[in-house]
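Q: fold the stuff below for me.
(chains A and B)
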2 protein chains.
Amino acid sequence: MQNNLETPALLLDEARMQRNIARMQNRMTQLGVAFRPHVKTSKCLEVVRRQLAAGARGITVSTLKEAEEFFRAGVDDILYAVAIVPNKLDHALRLIRAGLRLTLLVESVAMAGQVARHGAEHGVCYDVLIEIDTDGHRSGIKPADPALLHIAAALQGGARLKGVMTHAGASYDLNTPEALAAMAEQERARCVAAADKLRAAGHACAVVSVGSTPTALNARQLEGVTEVRAGVYVFFDMVMADVGVCTADEVAISVLCTVIGHQPDKGWVITDGGWMAMSRDLGHQSHGYGLVCNADGNAIPGLEFGKANQEHGVLQWTGEGDISHLFPVGSSLRILPNHACATGAQHGQYHVIPEQGGAWQVWPRFSGW
Amino acid sequence: MQNNLETPALLLDEARMQRNIARMQNRMTQLGVAFRPHVKTSKCLEVVRRQLAAGARGITVSTLKEAEEFFRAGVDDILYAVAIVPNKLDHALRLIRAGLRLTLLVESVAMAGQVARHGAEHGVCYDVLIEIDTDGHRSGIKPADPALLHIAAALQGGARLKGVMTHAGASYDLNTPEALAAMAEQERARCVAAADKLRAAGHACAVVSVGSTPTALNARQLEGVTEVRAGVYVFFDMVMADVGVCTADEVAISVLCTVIGHQPDKGWVITDGGWMAMSRDLGHQSHGYGLVCNADGNAIPGLEFGKANQEHGVLQWTGEGDISHLFPVGSSLRILPNHACATGAQHGQYHVIPEQGGAWQVWPRFSGW
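A: Numbering: from 1, shown residues only, chains lettered A, B, ... in the order given. Okay, the predicted model is just below:
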């Protein structure tokens, strides 16, 4: 790989990304569900355009900044998949008045009532999903919780119940196809059960939205589900490799860094890729700050990225030979990230590796709220 | 604290920051050394202006982006304190040609030679410090290493030796005044020894630059040192509180977040401040993702921030009472960061808390390389 990039720099292998996009979209099409990718991983219009071109219907966001940026670029069907709070309602209102079909999420009677009142006060009717807890991992209402029907009842006037949503984040801690398939079925069945309970009480519940990258890739059937969400599949990362849903060869982003020095007595190779370039995300603790590869992206066994300061990576060489000759000052290394969402967030752009003979492209990404 | 900020948001207590700035500058003045603050912590012109107004002479940066941004704003004496590599020399050259007094750092004979050749080829003479290893923590040449004189000898033609620099990062792992004072003395003595060795061999060595926040605040004398560098003192953080050089009441930045839900069975209070707002930096592992405080900035004993997803913080309540009444949906919390440099980097601006009766200000910060 020849280039003159200043390091550290975030590289994107577009061909790998396109294969990841096709793999997920094909699977969703086979399972007969709509796919609404979570764009918090890339925060990049060029990436999202390719997901939509492959067949995605609408997008999922983790911040109203994402909703705003992608709406400005023409995406008009967006689910904001974090429970809304009062200080964000005016922002949501502005986006809806500008023409965005924005869906909000609630998981409490208190907020359902506030959303409905805010909508009524301002003459809009917010589309709302109720967050369902299907795995005990984080947020949401359990299907059997009486609060489910109380929330639905509170969604009237300036808000309407559109459906239910869950995210089986517990899938990240599993690592066999059987366990992942079982978690996918649990995610599906419990979310559908919540929808059925709402319908039995007389509420319309058009949307049943589930998903995480590991469950989406391991679900055997999705009866009753209307749409699936997944985010990190677009790039994959070493956590997903540990979970078993990709290989290191499918990870589409990496951090290019340069050897800046050595401590030969300790076997340390010091680079200009520290935690500012990688993030502090240690993933499943199995790859240090990331998997160390050579400039062509092939893993270097024996070179472990265990320690990082802000702009310094400290790599431990456990093999034979003189490190200052094996990894001379000025030479390039590429690090596959533990967590693509976290590493990506440290950078303002992707440097897209050209096909043979092509030119490097720069795709901007944004950050913030 | 009344405001309508969308959360999560990075807050800055300017009065605390000014006290931190004055404390460090007064100490440096008493010790009779110049002070060159490391601006990688704030990456904010408004902050750096206040450090310079208090008496700082020049600044230290961790990226050429910082050098470029602060030079554009009028700061013309900048030390880039990460060992230079070939892919950054053209950028350094552009800044120098534009009028910046930029000092580079090397720690190998190979790079010393390359810097000198690059300068000669382009008709400039780079000012260079040699990085000295005084604590075995990371980078640099030990004072007794024969390479020290070889590096100095290679700095000719397009480069000139300006002095030596060290950073006793190992001080972050200490926590008593005695141990910190001893580390400060070790940092001083070994860096001065390297300077003396260079002078004895006939090299000019005008600059002897040392520093870290803990050693700067605990040094008892700095004979032979010409300048001190420190960064995180400007805001302080919970790691520095663990080291014992500040209290939580002196930490000048915090992340404002909002309660978005609960899992009452587990005692979980869920907020919209996840790792994207805090960073993944767990510091010394003693405060989870940060110290949880109420909206006024007072610590809440029994509420622990142990788990975070991208846009969700999961706080564990270990006290008595109903969490949905103690910390209702929509209520505000403030989190004091483990590591101010890492948490700051997740945000595009500081929201500066007004004095009584004043207005909120927004101070932008930049990121990237």
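Q: does chain B have contacts with stretch A:262-281?
A: Yes - applying CB under 8 Å from any CB of the partner chain, one finds stretch A:262-281 in contact with chain B at A:262-263, A:270, A:272, A:275-277, A:279-281. The C-beta positions use only the backbone N, C-alpha and C, and glycine is treated the same way.
Q: pLDDT of stretch A:121-140, averaged?
A: Across stretch A:121-140, the average pLDDT comes to 97.
Q: quick one: end-to-end length of that stretch, please.
A: 27 Å (CA to CA, to the nearest Å).
Q: quick one: buried residues of it?
A: Buried residues in stretch A:121-140, counted by 16 or more other CB atoms under 10 Å in any protein chain shown: A:126-135, A:137-140.
Q: between those, which sits nearest residue B:325?
A: Minimum distance to residue B:325 across these is 18.9 Å, recorded for residue A:139 (CB to CB).
Q: quick check: that closest one touching residue A:83?
A: Yes - shown here, residue A:139 and residue A:83 form a contact pair, counting by CB atoms under 8 Å, at 6.4 Å.
Q: which of the helices or strands spans the closest residue to residue A:301 other than its chain neighbours?
A: Excluding its sequence neighbours, the residue lying closest to residue A:301 (CB to CB, 6 or more residues apart in numbering or on different chains) is residue A:319, at 7.4 Å. Element membership for residue A:319, per DSSP states H and E: none, as it lies in no helix or strand.
Q: pretty sure residue A:319 sits against residue A:302.
A: Yes - using CB under 8 Å, residue A:319 makes contact with residue A:302 at a distance of 3.6 Å.
Q: of these two, who's got more company?
A: Neighbours were counted for residue A:319 and for residue A:302 using other CB atoms under 10 Å in any protein chain shown; residue A:302 has more, 15 against 11.
Q: tell me who's in contact with that one.
A: By CB atoms under 8 Å, 6 or more residues apart in numbering or on different chains, the contact set of residue A:302 is A:317-319.
Q: how about the residues of the stretch 201-350 of chain A by chain B?
A: So the stretch 201-350 of chain A meets chain B at A:258-263, A:270, A:272, A:275-277, A:279-282, A:309-312, A:314, A:328-330, A:341-342, A:345-348 (CB under 8 Å from any CB).
Q: what about the residues you listed, which are in strands?
A: Mapping those onto strands (DSSP state E) picks out A:258-263, A:270, A:314.
Q: closest one of the residues of stretch A:262-281 next to chain B to residue B:186?
A: residue A:263 (17.6 Å).
Q: for chain B, what's its nearest residue on chain A.
A: Closest to chain B within chain A is residue A:280: 3.7 Å, counting by CB to the nearest CB.
Q: helices or strands up against the helix or strand where residue A:208 lies?
A: Residue A:208 is part of strand A:207-210 when elements are defined by DSSP H and E. Here strand A:207-210 touches strand A:159-165, helix A:177-200, strand A:227-228, going by 3 or more CB pairs under 8 Å, 6 or more residues apart in numbering or on different chains; DSSP states H and E.
Q: give me that answer again for 10 Å
A: strand A:101-106, strand A:126-131, strand A:159-165, helix A:177-200, strand A:227-228 (3 or more CB pairs under 10 Å, 6 or more residues apart in numbering or on different chains; DSSP states H and E).
Q: JSON lines for the ones in strands among the residues of the stretch 201-350 of chain A next to chain B, including distance to residue A:108 and neighbour count?
A: What follows is these, written out as JSON lines (distance: CB to CB, whole Å; neighbours: other CB atoms under 10 Å in any protein chain shown):
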{"residue": "A:258", "distance to residue A:108": "49", "neighbour count": "24"}
{"residue": "A:259", "distance to residue A:108": "52", "neighbour count": "26"}
{"residue": "A:260", "distance to residue A:108": "50", "neighbour count": "28"}
{"residue": "A:261", "distance to residue A:108": "53", "neighbour count": "27"}
{"residue": "A:262", "distance to residue A:108": "55", "neighbour count": "23"}
{"residue": "A:263", "distance to residue A:108": "53", "neighbour count": "21"}
{"residue": "A:270", "distance to residue A:108": "49", "neighbour count": "25"}
{"residue": "A:314", "distance to residue A:108": "45", "neighbour count": "22"}
